[in-house]
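*Asks:* take this sequence and fold it.
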Amino acid sequence: MKNLITALIVLVVVGVGTYYLVFNKKQEVTPANTNNSYTPGISVDIKSFAFNPSTLTVKVGTKVTWTNNDSAPHTITSDSDNLLNSTTLSPGQSYSFTFTTPGTSNYHCTIHPSMKGSVIVEN
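*Replies:* Numbers count the residues shown, from 1 in each chain. The predicted structure is shown next:
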């Protein structure tokens with residue numbers, strides 16, 4: 001009887017330990033860049049001849065990446081300055097820009113001028 005109780009206690013301890021190891025792990029999130037200049041990122045999907053989302057509000061220091069998930073080539077080009085000036089993005093290609101000053105950047109696709117978007121950058 002004493003051996004049975006000892007075996008049950010060992011079984012419970014092993015079971016609880018296994019449960020803890022398998023189901024109670026804490027996940028650590030570490031940015032890829034570990035030099036304290038990590039830039040949060042936001043993605044814009046280019047699909048169905050539109051920028052999705054078409055308007056973003058971000059903080060200074062935010063990196064925005066546009067990815068062409070459409071069947072046609074596109075560009076990301078500023079309306080009034082040269083802040084955003086991508087090459088022609090073929091399907092599957094991306095363009096990134098990190099916004100460092102507050103303000104509004106309106107942009108379009110030079111190939112398809114009806115495609116418009118804007119990024120509002122706040123402190």
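*Asks:* check what pLDDT the closest residue to residue 100 other than its chain neighbours gets.
*Replies:* In space, and not counting its chain neighbours, residue 100 is closest to residue 60: 6.2 Å by CB to CB, 6 or more residues apart in numbering. No exception for glycine: its C-beta is placed from N, CA and C like everyone else's. If you check residue 60, the pLDDT there is 96.
*Asks:* how many other residues sit next to residue 73?
*Replies:* 16 (other CB atoms under 10 Å).
*Asks:* please apply the same query to residue 86.
*Replies:* Neighbours around residue 86, by other CB under 10 Å: 19.
*Asks:* now residue 80, nearest residue through space, not along the chain?
*Replies:* Spatial nearest neighbour of residue 80, excluding adjacent residues (CB to CB, 6+ apart): residue 106 at 7.0 Å.
*Asks:* on that earlier part again, do you know how far the residue nearest to residue 100 is from residue 53?
*Replies:* 19 Å (CB to CB, to the nearest Å).
*Asks:* same check on residue 110?
*Replies:* 20 Å.
*Asks:* same check on residue 83?
*Replies:* For residue 83, the distance to residue 53 - CB to CB - is 19 Å.
*Asks:* neighbour count winner among the two?
*Replies:* A direct count of neighbours by other CB under 10 Å for residue 83 and residue 53 places residue 83 higher, at 17 against 13.
*Asks:* wait, what's in contact with the closest residue in space to residue 93 that isn't next to it in sequence?
*Replies:* Closest residue in space to residue 93, ignoring its immediate chain neighbours: residue 68 at 5.5 Å, by CB to CB, 6+ apart. When contacts are counted by CB atoms under 8 Å, 6 or more residues apart in numbering, residue 68 touches 46, 74, 89-94.
*Asks:* from the residues you listed, which is closest to residue 117?
*Replies:* residue 46 (9.4 Å; CB to CB).
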